[in-house]
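Colleague: Task: produce atomic coordinates for the following.
(one chain, ligands or ions: 1)
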Amino acid sequence: MNLHDYLNYVKQRNGHEPEFLQAVDEVLQSIMPVLDKNPEYRKLKIVERITEPERLISFRVSWLDDKGEVQVNRGYRVQMNSAIGPYKGGLRFHPSVTQSVLKFLAFEQIFKNALTGVPMGGGKGGSDFDPKGKSENEIMKFCQAFMGELARHINHRLDVPAGDIGVGGREIGYMFGTYKKIKNEFSGVLTGKGIGWGGSLIRTEATGYGLVYFAENMMQTQNDSIKGKTCLVSGSGNVAQYAIEKILHLGGKPVTVSDSNGFIYDEEGITLAKLEFIKDLKNNKRGRVKEYADKYKCVYKDIDPKADHNPLWALKADCAFPCATQNELNAKDANNLVKNSVKLVAEGANMPTTPDAINILIDNGVMYAPGKASNAGGVATSGLEMTQNYMGSNWTREEVDAKLHNIMKNIHETCLAAAKEYGKEDNYMVGANIAGFVKVARAMQAQGVI
Ligand code: GLU
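Modeller: Residues are numbered from 1 along each chain as shown. Reported below is the predicted structural model:
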């Protein structure tokens, strides 16, 4: 089959899953030369197998809200591929969660996890539950109900979930407690646990830190650095917060954060002290970023979800870090970034840049890093948490940070080497897809038709 046949094949089987098809299309386009070079992958139907979840679990989550009313949500776990290790990937609690969204995320996770060099397969899960406006008690009730079912499908050698949008330390705590009670065992079945009960130092910071380490590696290829660069960051959750922190450590100047309502533009730059305000606002008070603009007297703009572009990406800057969610940066936004001579776009979120926007960036010589490479520091450090749990001991902050630093450097080199080998020099997207795919395809070949 050629590219067109493969795309049709996947489309026929998954016609109603636009996000999944988008993620698969990108990977398939990149890996066609690998299939041509290795005809056995076609014969072994690696593409047909890798695009089919090994197992997909969908379940009802019923729980009682604070008024005593019954609430019903839908829960999922997509166990996508276990060729190189136990299924690994986060849980997302957000009203936009569908089977398509989780299949795209699980598919991305296969290649991302392969790139980290830590043995982890690909998985993802979550629910259409909306944590916004829920009380502490309701969050706990929901997490307990969700894990009440998920517990029978996971364990520390089979499938190890973690956080994602809407799932942070608090939710991991409630789910871990429920799992422990049901199974009557204390094991590393989830990552992102608290320090003192199996968690790893630096896991909280890892996705954002790793993203900026990766971006610094990209800048170094041009004998440049993040130092002195104005940086646009979208989102205000875990990834955005620690990306901003690392940009500041490296001497850059972050000027924006956003949430689903709008964004702030602080022309003077977000400082470490201002970042503390954002962390407290988002992690403890669960407020809106508008409060930052009120406090520090800077620009605030509402984001109109129906608008054809996001004005955040029209601001003048050197680097852009989309850290909010999928498809948040479209062709018009990419054109605005190009118009303002942005040098680099590195994805903190999963698939935040639309396919046509990616083409615009690459065609205009903007350095572009796909999330499966640049945001892999989070799951890589989850892998380090698993290793520490298996060993029964902990590494210091410095040790974990050094390992993360090294992993991001290796991923960067791996992407460039694979891109070069296939004649697509400096194309991180093609390099990431090829390097991730080859590693998993080899393992699938070795393990036979299963
Ligand atoms: N949800 C994160 C991701 O997109 C982390 C997953 C994990 O740590 O297992 O990679």
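Colleague: what number of residues lie near Q22?
Modeller: Using other Cβ atoms under 10 Å, Q22 has 17 neighbouring residues. For the C-beta atoms, the positions are set from N, CA and C on the backbone; glycine is no exception.
Colleague: just checking, it touches P355?
Modeller: Yes - using Cβ atoms under 8 Å, Q22 makes contact with P355 at a distance of 6.6 Å.
Colleague: List the residues that contact H94.
Modeller: G126, D128, F129, D130, P131, I165, G166 (Cβ atoms under 8 Å, 6 or more residues apart in numbering).
Colleague: Spell out which parts of this structure neighbour the ligand.
Modeller: Contacts of the chain with the ligand, taken as Cβ under 6 Å from any ligand atom, map to K88, G89, G90, A162, D164, T191, N350, G378, V379, S382.
Colleague: now for these, which pair is the farthest apart?
Modeller: T191 and N350 (16.9 Å; Cβ to Cβ).
Colleague: Which residue is the nearest non-sequential neighbour of the residue of the chain found nearest the ligand?
Modeller: The minimum distance from the chain to the ligand, using Cβ to the nearest ligand atom, falls at G90 (2.7 Å). Excluding its sequence neighbours, the residue lying closest to G90 (Cβ to Cβ, 6 or more residues apart in numbering) is D164, at 3.2 Å.
Colleague: What of D130?
Modeller: The shortest distance from D130 to any non-neighbouring residue, by Cβ to Cβ, 6+ apart, is to P95 (4.4 Å).
Colleague: Confirm the one you found sits in a helix?
Modeller: No - applying DSSP: H, G, I helix; E, B strand; the rest coil, one finds P95 to be coil, outside a helix.
Colleague: That one: neighbour count?
Modeller: Neighbour tally, P95, other Cβ under 10 Å: 13.
Colleague: tell me the phi and psi of it?
Modeller: Main-chain torsions, P95, degrees, to the nearest 10: phi -60, psi -20.
Colleague: Enumerate every residue touching H16.
Modeller: S100.
Colleague: Is it in a helix, a strand, or coil?
Modeller: H16 - assigned by three-state DSSP - is coil.
Colleague: For it, report the pLDDT, please.
Modeller: Note on H16: pLDDT of 96.
Colleague: next one: the one 4 residues further on
Modeller: In this prediction, F20 carries a pLDDT score of 98.
Colleague: now it, nearest residue through space, not along the chain?
Modeller: Leaving aside its chain neighbours, F20 sits nearest to K103 (4.1 Å; criterion: Cβ to Cβ, 6+ apart).
Colleague: May I ask which helix or strand encompasses that neighbour?
Modeller: helix 99-116 (DSSP states H and E).
Colleague: tell me the mean pLDDT for that helix?
Modeller: Rounded mean pLDDT across helix 99-116 is 98.
Colleague: same question, stretch 302-315
Modeller: In this model, stretch 302-315 has a mean pLDDT of 96.
Colleague: Helix, strand, or coil at Q222?
Modeller: coil.
Colleague: Quick check on it: phi, psi?
Modeller: Taking degrees, to the nearest 10, you get phi -110, psi 20 for the backbone angles of Q222.
Colleague: gap between it and S200?
Modeller: Relative to S200, Q222 is positioned 33 Å away (Cβ to Cβ, to the nearest Å).
Colleague: What residues sit buried inside stretch 298-316?
Modeller: Within stretch 298-316, the residues scored as buried using 16 or more other Cβ atoms under 10 Å are C298, Y300, K301, I303, H309, N310, P311, L312, W313, A314, L315.
Colleague: Quick one: end-to-end distance for it.
Modeller: Stretch 298-316 has an end-to-end distance of 16 Å (Cα to Cα, to the nearest Å).
Colleague: and that stretch, how far from the chain's centre?
Modeller: Centre-to-centre, stretch 298-316 and its host chain are 22 Å apart (Cα atoms, centre = their mean, to the nearest Å).
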